[in-house]
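*Asks:* Structure, please.
(4 chains)
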Protein chains: 2
Amino acid sequence: MPVNDQPVTLADVAAVAKVSAQTVSNVLRRPERVLPKTRRKVEAAIEQLGYHPNYAARALRASASHVIGLRIEPTSTEVVGSIHDRFLHALAEAGRPSGYHIQLFTADDAAAEAETARTLIRAGAADGVVLYDVRAQDPRPGLLLAGRVPFVSFGRTVSGTGEYSWVDVDDETGISDAVDHLVERGHRRIGYIGWPEDFSVGVRRARGWRDAMTRHGLPTDLDARAEDTMPAGSQAAGRLLDDPHPPTAIVAATDTIAVGIHHEATTRGLRPGADLAIVGFDDTPTALAFGLTSIGQPVTEAARAIMELLVDTVAKPDRHAVHGRLLAPRLVVRASSRSARP
Amino acid sequence: MPVNDQPVTLADVAAVAKVSAQTVSNVLRRPERVLPKTRRKVEAAIEQLGYHPNYAARALRASASHVIGLRIEPTSTEVVGSIHDRFLHALAEAGRPSGYHIQLFTADDAAAEAETARTLIRAGAADGVVLYDVRAQDPRPGLLLAGRVPFVSFGRTVSGTGEYSWVDVDDETGISDAVDHLVERGHRRIGYIGWPEDFSVGVRRARGWRDAMTRHGLPTDLDARAEDTMPAGSQAAGRLLDDPHPPTAIVAATDTIAVGIHHEATTRGLRPGADLAIVGFDDTPTALAFGLTSIGQPVTEAARAIMELLVDTVAKPDRHAVHGRLLAPRLVVRASSRSARP
DNA sequence: ATGAAAGCGCTAACAG
DNA sequence: CTGTTAGCGCTTTCAT
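*Replies:* Residues are numbered from 1 along each chain as shown, chains lettered A, B, ... in the order given. Below you'll find the predicted structure:
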């Protein structure tokens, strides 16, 4: 590693290579326009000086920062299985090929998030933002649209999806696959534990379960609701297990709830996988640790799709094509549901 | 929210306020140099136009990006309790007062991380970086030092700590507090499960346990080692519990291991907290969910300290003061160790 | 107290 | 194919 604190500029390289600054720039951005011989000369000089083009200058000149903003949410202390950090990493990785960097910002609520995003854009600190975990009634897409902030969302609102680009995972199919899998194993009393109805969250997951059950001609009475915490999951599981005709399998809307079910089952002397099948959602490390079958979101693929759409959106903020991309989840079968119903 | 796509510049504001661009700049950066009357006039214009200073231009002019780089690591699929995401959020938040933004980058290994960091600095894309989770034999501080990359680390190497600024948590005291707490509850057979010796990781945690036990005149034979996964924790716990004189309490080097212990105990019909006390490390959501006593790291405080030191380091990269800051962890007592030994 | 000039490093547009 | 000119938006001199 050469140690040289003086910032090396285009002009320095040009001087060493005995060409103009413009030619150096061309070597970097339009190599085909430059004679191979001069190119090699310039490249040697670049190498020798350890030159790196200055981001700020490029950004200023090009009016493009190549930065994507992302609000980082405070982690809930009650959620034990989240794909948030996996998503962050995947997004950072996905930006690499196109030269985009992810910059974090914090905000207290949706309005603040939108406002900060707008400021970032106006200040040229970012070219666009990614909206994480967009829910059915989420106000953020509307706010960003109004503020003319280029963005792509992970998740989508229930309406207005024709107005912005989004990437989402097909929850209904995921849950439906889980139900199919359980039915195949001989289960008929299959319960569901998800968020309370009024949360407007996970309505698609609940619907996925109900529809799948109906499709199989099975009853949908074993429906319990719980907030996304382990104790709430345990409690809800308790209610279902107290039923005169208790479930032999339960599908959960999250891994956190699934662990709660696992815990409740164990406490009652039921062996998960043998006496009670359990399926979670998100395929987090927690699911792996507890041997829980879980519906995994294709996080890497989602991040890639988001960056792709974002590059598009950023390129022509005015009249860019609006795309929605629905990705298929993948059921990861583990011990908690592998064996057939006894 | 005014909608106006034209980027608003200093000159625009100046035109509206009928002053020179320079005066607008002064209003923003040296308000005291400007007559209150003109200042108000300018502020009105700024407000009216929704002006935000352009980051790239500032960065170019000031040769300072106000960006801090941070490598985001791929999440291990086997770790169920991590403070990584909490740290990210805390860092983003900690940068706010001083106007620093966190930018993520990915790298495959320590060498790539150092190299990328160096490139970011040379390109003026970042003013400094934060090194996360620095371990005893970590090569990164040395590499960054050699590459003259301004940085502050969270965690520290075993040697060379006088050459760079770091913030760390006092593991030994944390574990020692846990042992004291258990002894107070009447425990004497207190086991420890941590990383394998040769990992050079967590040597301080292991030492903390050994020293505390010795201080209390208690034996240190119940020492098992496990990698940082739940099954490994369960296995190790099994080995300790198979001892002719099994432990009545176990201290774990991580929450992941602690959950493994919890699981093994439950499987054997031992009630955590009643038949076996368990203490984890990091106070993650997982610990909360399982009612595990855990040694919490002051993540927010650490992030603040890091940003503070970093601002210093970045300001004078050559001859800045080198500081080490050792923060005290905090024992969070929950059901898994609250009651006295029966 | 305010303004004019210059330049941070780069690249688009135009000349040669 | 290469070089010259100009300017992205801002701030640090230096005048006024």
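*Asks:* Now do the contacts for the residue nearest to residue A:131 when sequence neighbours are not counted.
*Replies:* Residue nearest to residue A:131 in three dimensions, not counting chain neighbours: residue A:153, with 3.9 Å by Cβ to Cβ, 6 or more residues apart in numbering or on different chains. C-beta: built from backbone N, CA, C; applies to glycine. Applying Cβ atoms under 8 Å, 6 or more residues apart in numbering or on different chains to residue A:153 gives the contacts A:130-132, A:134, A:138, A:140-141, A:164-167.
*Asks:* go on, residue A:9?
*Replies:* A:51, A:54.
*Asks:* May I have the predicted confidence score for it?
*Replies:* At residue A:9, the pLDDT value in this model is 89.
*Asks:* just residue A:2 next, same as before
*Replies:* 41.
*Asks:* hmm, back to that, tell me the pLDDT at the residue nearest to residue A:131?
*Replies:* pLDDT recorded at residue A:153 is 97.
*Asks:* gap between the helix or strand harbouring residue A:257 and the chain center?
*Replies:* Take DSSP states H and E as the rule and residue A:257 turns out to sit in helix A:255-267. Helix A:255-267 sits 25 Å away from the centroid of its parent chain (Cα atoms, centre = their mean, to the nearest Å).
*Asks:* After it, which helix or strand is next?
*Replies:* Helix A:255-267 is succeeded, C-terminally, by strand A:277-281 (DSSP H and E).
*Asks:* Could you spell out the sheet neighbours of that next one, each with its direction?
*Replies:* strand A:249-252 (parallel), strand A:293-296 (parallel) (DSSP bridges).
*Asks:* What distance do you get for the spatially closest residue to residue A:298 that is not a sequence neighbour to residue A:306?
*Replies:* Closest residue to residue A:298 apart from its sequence neighbours, by Cβ to Cβ, 6+ apart: residue A:327 at 5.2 Å. Using Cβ to Cβ, to the nearest Å, residue A:327 is found at 10 Å from residue A:306.
*Asks:* same thing with residue A:27?
*Replies:* The value you get for residue A:27 to residue A:306, if Cβ to Cβ is used, is 33 Å.
*Asks:* before we move on, what about residue A:314?
*Replies:* Relative to residue A:306, and taking Cβ to Cβ, residue A:314 is found at 12 Å.
*Asks:* Who has more neighbours out of those two?
*Replies:* Per other Cβ atoms under 10 Å in any protein chain shown, whichever of residue A:314 and residue A:306 has more neighbours is residue A:306, with 27 against 23.
*Asks:* Contacts only, for the residue lying closest to residue A:125 once chain neighbours are set aside.
*Replies:* Using Cβ to Cβ, 6+ apart and skipping residues adjacent in sequence, the residue nearest residue A:125 is residue B:55, 4.2 Å away. Shown in contact with residue B:55 (Cβ under 8 Å, 6+ apart): A:59, A:65, A:123-125, B:66.
*Asks:* Surely residue A:203 and residue A:135 touch.
*Replies:* No: between residue A:203 and residue A:135 there is no contact under Cβ atoms under 8 Å: 9.3 Å.
*Asks:* Angles on the backbone of the residue nearest to residue A:298, please.
*Replies:* The phi and psi torsions at residue A:327 (degrees, to the nearest 10) take the values phi -100, psi 150.
*Asks:* go on, the one 10 residues further on?
*Replies:* Per-residue torsions, residue A:337: phi -150, psi 10 (degrees, to the nearest 10).
*Asks:* Okay, and the most centrally placed residue in chain A sits in which element?
*Replies:* Nearest residue to the geometric centre of chain A (Cα atoms, centre = their mean): residue A:87, 4.5 Å. Element membership of residue A:87, judged by DSSP H and E, is helix A:84-95.
*Asks:* again with residue A:167
*Replies:* Here residue A:167 is covered by strand A:165-169, with elements defined by DSSP H and E.
*Asks:* List the contacts of whichever helix or strand comes after that strand.
*Replies:* Counting by DSSP H and E, the next helix or strand C-terminal to strand A:165-169 is helix A:171-184. The contact list for helix A:171-184, computed with Cβ under 8 Å, 6+ apart, reads A:190, A:202, A:204-205, A:207-209, A:211-213, A:215-216, A:218, A:249, A:251, A:277, A:279, A:281, A:293, A:295, A:328-329, A:331, A:333, A:337.
*Asks:* Against residue A:292, how distant is residue A:259?
*Replies:* Counting by Cβ to Cβ - residue A:259 and residue A:292 are separated by 7 Å.
*Asks:* anything in contact with each of those two?
*Replies:* Applying Cβ under 8 Å, 6+ apart, one finds that residue A:259 and residue A:292 are jointly contacted by A:280, A:286.
*Asks:* where's the residue nearest to residue A:125 relative to residue B:81, distance?
*Replies:* Separation of residue B:55 from residue B:81 (Cβ to Cβ): 37 Å.
*Asks:* in the stretch 1-150 of chain A, what spans have low per-residue confidence?
*Replies:* Low-confidence segments of the stretch 1-150 of chain A (pLDDT under 70): A:1-6.
*Asks:* The strand holding residue A:167: which residues count as buried?
*Replies:* Buried residues in strand A:165-169, counting neighbours by 16 or more other Cβ atoms under 10 Å in any protein chain shown, are found at A:165-169.
*Asks:* Which of these sits closest to residue A:233?
*Replies:* Of all the buried residues of strand A:165-169, residue A:233 sits closest to residue A:169, with 21.0 Å by Cβ to Cβ.
*Asks:* residues in the stretch 201-342 of chain A within reach of chain B, list them.
*Replies:* Applying Cβ under 8 Å from any Cβ of the partner chain, one finds that the stretch 201-342 of chain A approaches chain B through A:229-231, A:256, A:259-260, A:263, A:266, A:285-286, A:288-290, A:317-318.
*Asks:* Can you mark which positions in the host helix or strand of residue A:23 are buried?
*Replies:* Here residue A:23, judged by DSSP H and E, is contained in helix A:21-29. With burial defined by 16+ other Cβ under 10 Å, the residues of helix A:21-29 counted as buried are A:23-28.
*Asks:* Now do the helix or strand following that helix: which elements does it pack against?
*Replies:* Tracing the chain past helix A:21-29, the next element assigned as helix or strand by DSSP H and E is helix A:36-49. Judged by 3 or more Cβ pairs under 8 Å, 6 or more residues apart in numbering or on different chains; DSSP states H and E, helix A:36-49 is in contact with helix A:10-17, helix A:21-29.
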